[in-house]
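J.: missing the sequence, but the structure's below:
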């Protein structure tokens, strides 16, 4: 094995270990419940030690909540062309974020999505991640539009858009084309001034 190939093999092994831990956690929690599933059980089912599990994930919740897509989302933001209006920018972001998650088997796993909705501990941890993502999108919108981060119009726009997007996505509980179509239709309604 050459030195150049070793980091690739190491990264692949890490990815396999993370995937095994996540798959074991999802299987166990889906069958026996979140509170009844211990970290030791997850580690044993994944074929790793308790210590190894915590090297990959900071908590039992994060095994299920995290999605490892931050880098792909950052890359996507860098590819957004300049000059879009705020609603076209919102459409582009929602579509791209939806596609990133939908292309990832872990992020779009229906059992995982249902657990994030139904289990209060996971729902709370997931909501924290959603809030963090909304803060990042607010900063992106401010920078993209040249608007002050504290500007009331920006804060109202983000609050309205994110409230609608989060509500509709949670209500749907699916990561499919019908959900994306509904999200984009909701943006159209926001742009039209919320007609009934």
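T.: Yep, that arrived. Here the structure is a predicted model, which is why all the values come from computation and not from measurement.
J.: Just say helix, strand or coil for residue 35.
T.: Three-state assignment for residue 35 (DSSP: H, G, I helix; E, B strand; the rest coil): coil.
J.: Leaving out chain neighbours, which residue sits closest to it?
T.: residue 121 (7.8 Å; C-beta to C-beta, 6 or more residues apart in numbering). For the C-beta atoms, the positions are set from N, CA and C on the backbone; glycine is no exception.
J.: how's this structure carved up into domains?
T.: The chain resolves into domains spanning 3-63, 70-191 when parsed by automatic domain parsing.
J.: could you dump the ones you listed to TSV with mean neighbour count and mean pLDDT?
T.: Converted to TSV, those look like this (neighbours: other C-beta atoms under 10 Å; pLDDT from 0 to 100):
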stretch	mean neighbour count	mean pLDDT
domain 3-63	15	90
domain 70-191	15	92
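J.: Residue 37 is in contact with the residue nearest to residue 35, correct?
T.: No. Using C-beta atoms under 8 Å as the test, residue 121 is too far from residue 37 to be in contact (11.4 Å).
J.: can you give me the helices in the protein?
T.: 6-32, 39-46, 50-56, 60-65, 70-78, 86-102, 110-118, 120-145, 152-172, 177-191 (DSSP state H).
J.: How far does the fourth one sit from its chain's centre?
T.: What that stands for is helix 60-65. On the basis of C-alpha atoms, centre = their mean, to the nearest Å, helix 60-65 sits 12 Å off its chain's mean C-alpha point.
J.: And for the first one?
T.: Relative to the mean C-alpha coordinate of its chain, helix 6-32 is positioned 18 Å out (C-alpha atoms, centre = their mean).
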